[in-house]
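>>> just a sequence and a predicted model for now, questions to come.
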Amino acid sequence: MKTARAVRQLKMTVLVPRTNDLKPAIVYFPGGRFISADYEKFTEMRVALAQAGFVVAAAEYRVVPDKFPSLVEDGKAAVRYLREHAGEYGIDPARIGVIGDSAGGYVAQMLGMTNGERAFDKGAFLDKSSDVEAAVTLYGISDLRSIGEGFPDAVQKVHQSPAVTEALLLNGPAFGTFVGASIGSDPGKALAASPLGHVEGSKPPFLIMHGTADTLVSPMQSAHLYEALKAGQNKVDYILVEGAGHGDLHWYQAPVIDRVVNWFRQSLGEPIRGAAKATNRDANL
């Protein structure tokens, strides 16, 4: 009999508007270079969404040294958790969206692009769907094979290393007789672990945003995702933020935040007034 020896509880915070309305929900996944998941950051965006009437969860997920697909499994588990507890939070389980930045954008993209797939559904509440009804990605990663596309040769060399974080996410670290492997050592494996490896079938509405001055994740990542979604006749909006870098102050300002809030309103709809059943848990929030 196998015994689980490395199980740990992942954490989530939930902002719940003080109303009895039946509310759409949004799960935020933080960026962190695949090595951290500081789920309580991006307060400005999360609070603005909650003030607009959304239940907003911020979810931790496993990072390196855990390997793919652990972070995607965790993202889907967070969605299933909200559907399981929809009554407690006043959530409309038919209207759940996701948002993420950088590596968190990768997670949000993977959830949207794998709607209908069940290979990544692991853990609890498997009777609930992990599909999402809307996805927002901010300077996210859509193809693990080409994060540095168009960047200088020195940057390209970093992304060819078996020690770069996307290679560790996919292949793990060198140990024993394993010398490590670059992301390019198995392009098919890397594509299957990327949002762009899951382009078949219909997708939920997407909002893709990227900064023109991003020097860490190539803006081409977002361009390729947009092109793939358009080619599949999916609903997608693509916005390049002029002069914005990777996670810099541009992303915490009203023009970006308001655009995201309004897009979610259009994609998920407004709360249904007075339709939710009040609970003691809601009353205490």
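Okay, I see it. Given the structure is predicted, the values throughout are model-derived calculations rather than measurements.
>>> may I have the phi/psi pair for the residue nearest to I91 when sequence neighbours are not counted?
Distances taken as C-beta to C-beta, 6 or more residues apart in numbering put A25 closest to I91, at 4.5 Å, once the chain neighbours are dropped. (Each C-beta comes from the backbone N, C-alpha and C, glycine too.) Taking degrees, to the nearest 10, you get phi -120, psi 150 for the backbone angles of A25.
>>> A25 and F54 touch, don't they?
Yes: with contact defined as C-beta atoms under 8 Å, A25 and F54 form a contacting pair (6.4 Å).
>>> which ones are touching the residue nearest to I91?
For A25, the contacting residues are F54, V55, V56, A57, L82, A86, Y89, I91, D92, R95, I96, G97, by C-beta atoms under 8 Å, 6 or more residues apart in numbering.
>>> and it, what are its bridge partners?
Counting by DSSP bridges, A25 forms beta bridges with V55, I96.
>>> what distance do you get for it to Y238?
Separation of A25 from Y238 (C-beta to C-beta, to the nearest Å): 24 Å.
>>> then N20?
37 Å.
>>> in this protein, what spans have low per-residue confidence?
1-7, 274-285 (pLDDT under 70).
>>> need the contact list for the closest residue in space to P187 that isn't next to it in sequence.
Excluding its sequence neighbours, the residue lying closest to P187 (C-beta to C-beta, 6+ apart) is R145, at 5.9 Å. R145 makes contacts with I183, G184, P187, A190, L191, S194, as judged by C-beta under 8 Å, 6+ apart.
>>> and the furthest pair within the residues you listed?
G184 and S194 (12.8 Å; C-beta to C-beta).
>>> so between the two, which is more surrounded?
Neighbour count, other C-beta atoms under 10 Å: between G184 and S194, S194 has more, with 27 against 14.
>>> which residues touch the spatially closest residue to A213 that is not a sequence neighbour?
Among residues not flanking A213 along the chain, G245 sits closest, at 4.7 Å (C-beta to C-beta, 6+ apart). By C-beta under 8 Å, 6+ apart, the residues touching G245 are G211, A213, D214, T215.
>>> quick one, phi/psi of the third one?
Okay, so that is D214. D214 adopts backbone torsions of phi -70, psi 130, taken as degrees, to the nearest 10.
>>> what about the spatially most central residue of the chain, distance to E84?
For the chain, A108 is the residue whose C-alpha lies nearest the centre (C-alpha atoms, centre = their mean; 2.1 Å). Separation of A108 from E84 (C-beta to C-beta) stands at 20 Å.
>>> packing partners of the helix or strand encompassing V256?
Using DSSP states H and E, V256 sits within helix 254-268. Other helices and strands packing on helix 254-268, by 3 or more C-beta pairs under 8 Å, 6 or more residues apart in numbering; DSSP states H and E, are strand 23-29, helix 43-51, strand 91-101, strand 134-138, strand 206-211, strand 236-241.
>>> mind redoing it with 6 Å?
helix 43-51, strand 91-101, strand 134-138 (3 or more C-beta pairs under 6 Å, 6 or more residues apart in numbering; DSSP states H and E).
>>> ok, residues contacting the helix or strand just after the last one?
Past strand 134-138, heading to the C-terminal end, the next element that is a helix or strand (DSSP H and E) is helix 153-159. The list of residues contacting helix 153-159 from outside it, by C-beta atoms under 6 Å, 6 or more residues apart in numbering, reads I147, G148, V164.
>>> 10 Å instead?
By C-beta atoms under 10 Å, 6 or more residues apart in numbering, the residues outside helix 153-159 that reach it are 144-151, 164-167, 182-184, 215-216, 218.
>>> buried set for that helix?
V155, H159 (16 or more other C-beta atoms under 10 Å).
>>> again with stretch 10-23
Those would be M12, V14, L15, V16, P17, N20, D21, L22, K23, for stretch 10-23 by 16+ other C-beta under 10 Å.
>>> in three-state terms, label the second one for me.
Spelled out, it's V14. Three-state call for V14 (DSSP: H, G, I helix; E, B strand; the rest coil): strand.
>>> so who does it touch?
If a contact means C-beta under 10 Å, 6+ apart, then V14 has 25, 27, 50, 55-59, 81-82, 85, 88-89, 91, 281, 285 as its contacts.
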